[in-house]
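Asks: Okay, sequence plus prediction incoming.
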Amino acid sequence: MFKQIMIGAGLAVTLTGVANADSFTGAGSTFAAPIFTAWAQGYKSASNNEMNYQAIGSGGGIRQIEAKTVDFGATDKPLQLADLNKFGLSQFPTVVGGIVPIVNLPGVNPGQLHLTGDVLANIFLGRITRWNDPQITRINPGVKLIGLPVTVVHRSDGSGTTFVFTSYLSHKSQAWANTVGANDSVNWKTGLGGKGNDGVAAFVKQTPGSIGYVEYVYARKDKVTLALVQNAAGKFPQPNVGAFAAAAASAPWGKVPGNYIMLVDQPGQNAWPISGATFVLVPRNPANPGRTAAVLRFFDWAYKTGDKTAIALDYVPLPGPVKDLIRRQWSNEIKTGGRPVYNGK
């Protein structure tokens, strides 16, 4: 389970201010938890430095870094420049992944069910209440769909996964945009709430007729049945590293203030339509520059050595030029006494 991940005894050490200068703390995204955990284990082996990360959801990560109770926050909901300025934060992406619908439908195999953005929105709005509704059967010829009641499962906690998913629904459905909108926590029209990606997957696995949404890593880990979603090119691609990379390929990296990048419904024959980056938040003028430098040193190490690990866990690493751009941002934005806290190379 990824609800809380503790890597070594870094918290106790760093709070005393002695021993290991590169121990540090973070909190937030469950989307990022598997890759951050794997990177932290590799980093400890390589450097004997430790990270303590709590996967409490993107909303919790944002609140904790704003309150300065952790050294970094992690979020799949990027902050707008105005919010970054308000709290004195710098924001940079780490990896790209995908959100997938998951279902519990007897007799339906993984990838067999096809859904469009509009149909997904109508399901989560409670307008489609049975699986043999004509809106679903029309795009699934040959798939046996009985009149099982639909049970919606959504996140109960503040979640960047929810933000990406509801951003996609808002983009595809005016009805969704007008009545629910896009956020890390929304007023759901129907359904059950599960905490974290694991909580949603667990509810879906135990509830026949249910549908939820999780980050792709969790769909594979929990062995749940995923549905395919039509992309902007009219195709139903398989969610995988290649499809997430295709969604990220056309992103305007480096051209948006604060790195506010959304990857939903990107063009491309193979692009997965519900893709997104996960971001790290750190203070621009840290009260403890050593701790912030430790955070940046860790992610610089991950940029240099962590791509194979990311791919193995079905994430897409950032392109090399984007990593170089972010390193320059660190030097230009994150300072103490007018000098960079960390110079990435």
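Replies: Here it is on my side, so go on. Fair warning: this is a prediction, and the values are worked out from it, not measured in the lab.

Asks: Need the three-state assignment for the residue nearest to G57 when sequence neighbours are not counted.
Replies: Of all residues not flanking G57 in the chain, D157 sits nearest, at 4.4 Å (Cβ to Cβ, 6 or more residues apart in numbering). Where you see a C-beta, it was placed from the backbone N, CA and C, and this is true even at glycine. Here D157 is recorded as coil under DSSP: H, G, I helix; E, B strand; the rest coil.

Asks: can you map out the strands along the stretch 51-200 of the chain?
Replies: With DSSP state E, counting those that start in this stretch as the criterion, the stretch 51-200 of the chain has strands at 51-54, 72-75, 89-103, 114-115, 151-155, 192-194.

Asks: looking at the ones you listed, which is closest to G290?
Replies: Closest to G290 of the strands of the stretch 51-200 of the chain, according to Cβ to Cβ: strand 72-75, at 13.6 Å.

Asks: Would you indicate which residues of stretch 73-80 are buried?
Replies: 73-79 (16 or more other Cβ atoms under 10 Å).

Asks: Could you do stretch 279-288 as well?
Replies: Buried residues in stretch 279-288, counted by 16+ other Cβ under 10 Å: 279-284, 286, 288.

Asks: outside of that stretch, which residues touch it?
Replies: 26, 61-62, 65, 68, 71-76, 78-79, 84, 88-94, 259, 292, 295-296, 299, 333-336, 341 (Cβ atoms under 8 Å, 6 or more residues apart in numbering).

Asks: Go again with 7 Å.
Replies: 62, 65, 72-75, 78-79, 88-94, 292, 295, 299, 333-336, 341 (Cβ atoms under 7 Å, 6 or more residues apart in numbering).

Asks: measure that stretch end to end?
Replies: Taking Cα to Cα, to the nearest Å, the first and last residues of stretch 279-288 lie 21 Å apart.

Asks: Please compute how far it lies from its chain's middle.
Replies: In terms of Cα atoms, centre = their mean, to the nearest Å, the centre of stretch 279-288 is found 20 Å from the chain centre.

Asks: For that stretch, the averaged confidence score.
Replies: In this model, stretch 279-288 has a mean pLDDT of 97.

Asks: just the helices in the stretch 51-200 of the chain please.
Replies: 58-66, 81-87, 117-124, 134-137, 160-172, 174-179, 196-206 (DSSP state H, counting those that start in this stretch).

Asks: Alpha carbons of the top helix by length along the chain, in CSV - could you do that?
Replies: Counting residues, the longest helix found in the chain (DSSP state H) is helix 289-305. Taking C-alpha atoms only, helix 289-305 is exported to CSV below (Å, rounded to 0.1, in the frame of the first residue of the first chain):
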residue,chain,number,x,y,z
PRO,A,289,18.5,26.3,2.4
GLY,A,290,20.4,23.2,3.2
ARG,A,291,17.2,21.1,3.3
THR,A,292,16.0,22.6,0.0
ALA,A,293,19.4,22.0,-1.6
ALA,A,294,19.0,18.3,-0.4
VAL,A,295,15.7,18.1,-2.2
LEU,A,296,17.1,19.5,-5.4
ARG,A,297,20.2,17.3,-5.2
PHE,A,298,17.9,14.3,-4.9
PHE,A,299,15.8,15.2,-7.9
ASP,A,300,18.9,16.1,-9.9
TRP,A,301,20.2,12.6,-9.2
ALA,A,302,16.8,11.1,-10.2
TYR,A,303,16.9,13.1,-13.5
LYS,A,304,20.4,11.7,-14.2
THR,A,305,20.0,8.1,-13.1
